[in-house]
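*Asks:* With the input below, show me the fold.
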Amino acid sequence: MKYFIKKFWIIILIAFCINIPLLVLGATRTNKSVTLKGDTTIVEDFVEIENPYQATGSLSTIYVISFDHSTILQNLMVSASSTSELSELPSHYLHFTDSELSQMGKIQHESSIMYSLMLSYKTASKVDENIHLDYEYDAYVIAYYDVVSAFRIGDRIIGVNGVYAKDGFDAFAEEFNNAKEGTIYQVKRGNEELEIPYTKENMRVAGYSYYTLNSKTASPQYKIKSSNVGGPSGGLLQTLALYNSLIEEDITRGYRIAGTGTIEPDGTVGMIGGIQQKIYTAYDDQMEIFLCPEGNYEEALIAYNRLPHKERMKLYSVSTFEDALEKLKNHNSAEVLSNA
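*Replies:* Here you go, the predicted structure:
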């Protein structure tokens with residue numbers, strides 16, 4: 001009996017010696033960020049166009065799994081993976097709470113959908129003059145602030161020196177772009193209205209222009225679906241999918257197309273994060289074409305060249321929406337797999 005009791009306590013002691021360090025490693029957070037492979041998502045899930053043209057292929061965005069302030073244990077596990085990334089959190093992001101980071105991602109995603117609708121309808125109207133979308137400028141929404149700034153994420157700059165966006169974009173833009181000492185911003189923070197003065201410290205911010213889109217007068221009409229997705233990286237593919245729903249010509253031509261990149265109202269495609277993990281994800285999900293922002297191409301190429309059969313998926317670098325349309329139009333799977 002004593003032998004069994006002694007053995008029991010030895011097992012407890014061993015378990016304690018193993019598990020306590022694991023618990024400590026698993027609970028201790030760091031100033032690092034982890035990015036893992038995610039999944040592809042058919043982008044039509046975000047916006048529903050009335051009586052859309054159907055695609056013979058597919059257009060998909062790619063999301064990756066990422067989280068900040070990872071634990072020591074998570075960092076050790078990620079370091080052992082060849083398809084994951086561990087990086088230092090930028091010092092200028094350390095003052096944000098998890099809630100603020102989530103709100104930041106929501107603002108980025110909302111602006112991405114907004115810009116996608118504006119650009120796709122505008123481009124499609126060149127093909128069919130019956131297609132149109134009315135919109136007007138609403139506010140400049142803060143999506144990043146430096147620790148010394150008086151602004152906060154979600155603040156809406158609706159006026160400058162008493163000149164309001166709703167009264168005319170040109171006058172508002174002139175005041176906004178020529179701000180100086182003495183300039184006062186009219187700001188909405190939730191239900192509160194504030195006045196924030198211009199200072200170099202206060203203007204260490206970044207944000208997005210927000211527009212009021214009139215879905216009721218749009219032709220064809222559309223409906224934005226609720227989503228838990230954050231970030232702006234699906235902008236390019238969202239715009240391509242909307243455009244393809246609006247016009248008769250099918251830009252997919254039966255191909256499984258994926259990609260990433262932010263989009264601006266003027267059609268500029270911007271850089272994103274996690275490009276290597278997105279290459280691996282698209283390949284695993286058997287995509288045939290991958291559209292990559294020009295600014296991410298060199299990094300994407302590193303992951304692309306590691307693929308065991310890269311001839312199954314062609315990688316294109318694009319700088320604008322029109323550039324992406326041209327690459328898809330000229331794509332031929334029999335071509336040598338090199339990027340023009």
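
*Asks:* Could you pull out the helices in the protein for me?
*Replies:* Listed in chain order, the helices of the chain (DSSP state H) span 2-27, 72-79, 98-124, 169-177, 235-246, 275-284, 297-304, 321-330.

*Asks:* Mean pLDDT lowest where, among the ones you listed?
*Replies:* Here those differ in mean pLDDT, and the lowest is helix 2-27 at a mean of 50.

*Asks:* for the stretch 101-250 of the chain, what are the low-confidence residue spans?
*Replies:* For the stretch 101-250 of the chain, the stretches with pLDDT under 70 are 228-229.

*Asks:* what about stretch 281-295, how long is it end to end?
*Replies:* With Cα to Cα, to the nearest Å applied, stretch 281-295 spans 19 Å between its terminal residues.

*Asks:* Which positions in it come out as buried?
*Replies:* 281-283, 285, 287-295 (16 or more other Cβ atoms under 10 Å). (Each C-beta comes from the backbone N, C-alpha and C, glycine too.)

*Asks:* Just put these in JSON lines and tack on distance to residue 257.
*Replies:* Output for the buried residues of stretch 281-295, formatted as JSON lines (distance: Cβ to Cβ, whole Å):
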{"residue": "281", "distance to residue 257": "14"}
{"residue": "282", "distance to residue 257": "9"}
{"residue": "283", "distance to residue 257": "13"}
{"residue": "285", "distance to residue 257": "12"}
{"residue": "287", "distance to residue 257": "7"}
{"residue": "288", "distance to residue 257": "7"}
{"residue": "289", "distance to residue 257": "5"}
{"residue": "290", "distance to residue 257": "8"}
{"residue": "291", "distance to residue 257": "7"}
{"residue": "292", "distance to residue 257": "12"}
{"residue": "293", "distance to residue 257": "15"}
{"residue": "294", "distance to residue 257": "17"}
{"residue": "295", "distance to residue 257": "20"}
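
*Asks:* Restricted to strands, list those.
*Replies:* Among the buried residues of stretch 281-295, the members found in strands (DSSP state E) are 289, 290, 291, 292, 293.

*Asks:* now, which of those residues sits nearest residue 152?
*Replies:* residue 293 (29.1 Å; Cβ to Cβ).

*Asks:* what bridges to that closest one?
*Replies:* residue 318 (DSSP bridges).

*Asks:* show me the contacts for it.
*Replies:* For residue 293, the contacting residues are 236, 260, 261, 262, 269, 270, 271, 272, 275, 317, 318, 319, by Cβ atoms under 8 Å, 6 or more residues apart in numbering.

*Asks:* now residue 212
*Replies:* Counted by Cβ under 8 Å, 6+ apart, residue 212 has contacts 135, 136, 137, 138.

*Asks:* Please repeat the previous calculation with a cut-off of 7 Å.
*Replies:* Contact analysis of residue 212 by Cβ atoms under 7 Å, 6 or more residues apart in numbering lists 135, 136, 138.

*Asks:* and if you look at residue 43?
*Replies:* Counted by Cβ under 7 Å, 6+ apart, residue 43 has contacts 59, 60, 61, 234, 237, 238, 241.

*Asks:* please redo it, this time with the cut-off set to 8 Å
*Replies:* 59, 60, 61, 234, 237, 238, 240, 241.

*Asks:* and residue 175, how many neighbours?
*Replies:* Residue 175 has 18 neighbouring residues, counting by other Cβ atoms under 10 Å.

*Asks:* Check the one 4 residues further on too.
*Replies:* When neighbours are counted by other Cβ under 10 Å, residue 179 registers 15.

*Asks:* now it: how far from residue 148?
*Replies:* Shown here: residue 179 relative to residue 148, a distance of 17 Å by Cβ to Cβ, to the nearest Å.

*Asks:* again with residue 267
*Replies:* 34 Å.

*Asks:* who has more neighbours, these two?
*Replies:* Ranked by neighbour count (other Cβ under 10 Å), residue 267 and residue 148 place residue 267 first, with 19 against 11.

*Asks:* Not counting sequence-adjacent ones, nearest residue to that one?
*Replies:* Ranked by Cβ to Cβ, 6 or more residues apart in numbering and with sequence neighbours excluded, the top spatial neighbour of residue 267 is residue 321, at 3.9 Å.

*Asks:* How much space separates that neighbour from residue 328?
*Replies:* For residue 321 relative to residue 328 (Cβ to Cβ), the value is 11 Å.

*Asks:* Residue 212 now?
*Replies:* 31 Å.

*Asks:* now residue 54
*Replies:* 17 Å.

*Asks:* Would you mind confirming that the residue nearest to residue 267 makes contact with residue 270?
*Replies:* No - using Cβ atoms under 8 Å, residue 321 makes no contact with residue 270, being 11.4 Å away.

*Asks:* Show me the common contact partners of the two, please.
*Replies:* Contacts common to residue 321 and residue 270, judged by Cβ under 8 Å, 6+ apart, are residue 263.

*Asks:* The two: which is more packed in?
*Replies:* More crowded of residue 321 and residue 270, by other Cβ under 10 Å: residue 321, with 25 against 17.

*Asks:* The more buried one: what's it in contact with?
*Replies:* 119, 123, 236, 239, 240, 263, 267, 269.

*Asks:* Next one: the fifth one relative to residue 332, how far apart?
*Replies:* When distances are taken as Cβ to Cβ, residue 240 and residue 332 turn out to be 18 Å apart.
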